[in-house]
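# quick one, structure for this:
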Amino acid sequence: MKKNSLICERPIKITKQNENSTNVRRNIFGEVNGIFPSKQTYVGVQHHRWTRQGSTFIAVCTYSTSDFFFRSGFSFCVELMTPAGEHVNEKGIRFYNDLINKLLDNKITPMVTLYHWDLPQVLQEKYGGWQNVSMVDYFNDFASLCFERFGDRVKHWMTFNNPWSVAVEGYETGEHAPGLKLKGTGAYRAAHHLIKAHAKVWHTYDTKWKSKQKGLVGISLTADWGEPVDTSNQGDIQAAERYFQFYLGWFAGPLFHGDYPQVMKEYIGRKSGQQGLGASRLPVFSAQEKTYIRGACDFLGLGHFTTRYITQKNYPSGLRDSYFADRDLAELVDPKWPDPGSEWLYSVPWGFRRFLNYVKVQSYGNPMIYVTENGVPEKKYCTDLCDAWRMQYYKDYINEMLKAVRDGVNVKAYTAWSLLDSFEWDEGYSQRFGLFFVDFSSKNKPRYPKASVQFYKRIISSNGFPNQREMESWKRKAEEACFSSNQLLAAGQSDAAEHGTFCFLNQLLPHGEIKNMQAWVVHHEV
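Residues are numbered from 1 along each chain as shown. Purely as a prediction, here's the structure:
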């Protein structure tokens, strides 16, 4: 990754300039945890070398209407300022100016995420990252720079992408950068500061920029749907409610109501007391902060990928207290659910509609919703560009979203995750979510369209589904078109055995009743 352009094409984890080069940024967390060999983590999808072609790729599969639009999203690299934060990196500014202008030239609406987990290493080492409240002001300074330089053209801003993952996987489980395992405290403290940072950025834009630029500032929250195992069992029903509140409500509650969900305060407070602590492990907002935070959200971005069954499970308070134990529930999956290519992501489209409707009936005022992430990877060994399972996933999930729109859910935009195969954090490059295949074995990282590109393009150009017969025609034509891409990919790769195109596809099964279900348990370390 070139430091002189400072591009975070899929923003990397805690990063640092390579001590031996002025042109390289390293993924420190990836190296320490063995995701990649040392000094090789900077080789991403090379978005900075494909900017012109990238906007063309997006144009191939983007369409918009006045009522509902499919958009292009990207993230700014936090190091638009130099690593120490003293100066503005004008080369980085020029790159993003060019990218934004190319999107607009192609009639593509840019939606910009200010922070997608790419915290500079210096801020982690000096301040402890999001454990330190000083990050609120640093992030606000960065956001102000972006509003000043890009706000004349960017009208949709998201402060954070999936802050749940930043807090829980970064400061509770240690799966993501910075890899801290501060069980029962770290995630709550980090989330507290993330929420404060979002609110400050929203107010900064509202008071200084909104009247002139006419833009919107929101946040992107990611959550799965939690379905009670037994819908007649009150314990399971309440457990599913806790699952939602500890997941999405943790962040949405303060932004729409000014405080954390009551069930979080009750459960964490009770367990903290049983531990003998003098105060709850969940931080507290002051009365002034509650007023300041409440309403600081112009739209709600939602990322959604899969569903879990939820049942009541008591975790006694003790030395193993953690975010997961605080919830007193267990997550299950039905082994009959299609597993397209990831150990955590099952295709359960009916959960998407229920998730969106549940957000609507919360006391958030049926907010304007932008679906910011939705997609599916393939098997780790699969490089087949004829991705029938992905086409089926998008068909089913987008259909459930459109049903939710008919239900009255205020969904205004949809984004497929993702345009390109990219860095998937602790999974590295082994999970491919892209509509375009990226050949990471090649120096120039060439792109090849998967069948889902043409299929997705037809869906969004029609703004929905015309009829089943035409849908099957779309799918057939997309599969036919992918064979030429497969031939190009095979010709461009040196090791046919390693990069074969065979892939086992799970047949997608309809949802059925779960009576006498033999479930698999989703384990979390508590």
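# switch to C-alpha atoms for all contacts and neighbour counts from now on
OK.
# longest helix in this structure, by residue count?
Ordering each helix of the chain by length in residues (DSSP state H) puts helix 468-492 first.
# which secondary structure elements does that helix sit against?
When contacts are defined as 3 or more Cα pairs under 8 Å, 6 or more residues apart in numbering; DSSP states H and E, helix 468-492 sits against strand 447-449, helix 451-461.
# could I get the ones you listed as CSV with distance to residue 347, mean pLDDT and mean neighbour count?
Below are those laid out as CSV (distance: least, Cα to Cα, whole Å; pLDDT from 0 to 100; neighbours: other Cα atoms under 10 Å):
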stretch, distance to residue 347, mean pLDDT, mean neighbour count
strand 447-449, 22, 89, 21
helix 451-461, 16, 89, 22
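# wait, which of these is closest to residue 350?
helix 451-461 (18.8 Å; Cα to Cα).
# could I get the helices and strands packed on helix 468-492 as TSV with distance to residue 488?
Formatted as TSV, the helices and strands packed on helix 468-492 follow (distance: least, Cα to Cα, whole Å):
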stretch	distance to residue 488
strand 447-449	8
helix 451-461	14
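# between these, which gets nearest to residue 277?
If you check each of the helices and strands packed on helix 468-492 against residue 277 by Cα to Cα, helix 451-461 wins as the nearest, at 52.7 Å.
# next, the angle helix 468-492 makes with the closest one.
140 degrees (axes from the mean of the first three to the mean of the last three Cα atoms, to 10 degrees).
# hang on, the earlier thing: out of the helices and strands packed on helix 468-492, which comes closest to residue 120?
Using Cα to Cα, the nearest of the helices and strands packed on helix 468-492 to residue 120 is strand 447-449, at 28.6 Å.
# who touches that closest one?
Contact partners of strand 447-449, identified using Cα atoms under 8 Å, 6 or more residues apart in numbering, comprise 385, 435-439, 482, 485, 489.
# with stretch 388-402 instead?
Here stretch 388-402 makes contact (Cα under 8 Å, 6+ apart) with 340, 347, 349-350, 352-353, 356, 375-378, 451-452, 455-456, 464-465, 475, 479, 505-506, 508.
# and if you look at stretch 216-225?
Residues outside stretch 216-225 that contact it (Cα under 8 Å, 6+ apart) are 155-164, 198, 202, 205, 210, 244, 247-248, 251, 296-308, 351-352, 354-355, 372-373.
# these in helices, which ones?
Residues of the contacts of stretch 216-225 located in helices (DSSP H): 163-164, 198, 202, 205, 210, 244, 251, 351-352, 354-355.
# tell me which of those residues is nearest to residue 108?
For those, the nearest to residue 108 is residue 210 (21.4 Å; Cα to Cα).
# quick one: the closest residue to that closest one other than its chain neighbours from residue 224, how far?
Using Cα to Cα, 6 or more residues apart in numbering and skipping the chain neighbours, the partner closest in space to residue 210 is residue 216 (7.7 Å). According to Cα to Cα, to the nearest Å, residue 216 stands 25 Å off from residue 224.
# over to residue 282?
22 Å.
# of the two, who's got more company?
More neighbours surround residue 282 than the other of residue 282 and residue 224, with 23 against 19 (other Cα atoms under 10 Å).
# gap between the residue lying closest to residue 285 once chain neighbours are set aside and residue 118?
Spatial nearest neighbour of residue 285, chain neighbours left out: residue 259 (6.9 Å); criterion: Cα to Cα, 6+ apart. Separation of residue 259 from residue 118 (Cα to Cα): 27 Å.
# also residue 397?
On the measure of Cα to Cα, residue 397 and residue 118 end up 29 Å apart.
# repeat that for residue 355.
Plainly put, residue 355 is 28 Å away from residue 118 if you go by Cα to Cα.
# ok, now residue 234?
Counting by Cα to Cα, the gap between residue 234 and residue 118 amounts to 42 Å.
# looking at the two, which one has more neighbours?
residue 118 (21 against 13).
# tell me the SS of the more buried one?
The three-state label given to residue 118 by DSSP: H, G, I helix; E, B strand; the rest coil is coil.
# is it true that it touches residue 129?
No: Residue 118 is beyond contact range of residue 129, at 11.0 Å (criterion: Cα atoms under 8 Å).
# do I have it right that residue 325 meets residue 315?
Yes: counting by Cα under 8 Å, residue 325 touches residue 315, with 5.6 Å between them.
# those two: which is more packed in?
Between residue 325 and residue 315, residue 325 has the larger neighbour count (other Cα under 10 Å), namely 24 against 18.
# which parts of the host helix or strand of the more buried one are buried?
Element membership for residue 325, per DSSP states H and E: helix 323-326. For helix 323-326, the buried set under the neighbour-count rule, 16 or more other Cα atoms under 10 Å, comprises 323-326.
# what of stretch 151-162?
Of the residues in stretch 151-162, 151, 153-162 count as buried by neighbour count, 16+ other Cα under 10 Å.
# can you tell me the distance between the two ends of that stretch?
End-to-end span of stretch 151-162 (Cα to Cα): 23 Å.
# rounded mean pLDDT for that stretch, please.
Stretch 151-162 shows a mean pLDDT of 97.
# identify the residues contacting it?
100, 110-117, 198, 201, 213-222, 301, 303.
# cutoff 7 Å now
Contact with stretch 151-162 is made by 110-116, 198, 213-222, as judged by Cα atoms under 7 Å, 6 or more residues apart in numbering.
# and of the ones in helices among the contacts of stretch 216-225, the nearest to residue 138?
Distances from residue 138 to these, taken by Cα to Cα, are shortest for residue 198, at 11.8 Å.
# quick one, what contacts that closest one?
Shown in contact with residue 198 (Cα under 7 Å, 6+ apart): residue 159.
# how near is it to residue 223?
Residue 198 is 18 Å from residue 223, where distance means Cα to Cα.
# please apply the same query to residue 271.
Distance, residue 271 to residue 223, using Cα to Cα: 24 Å.
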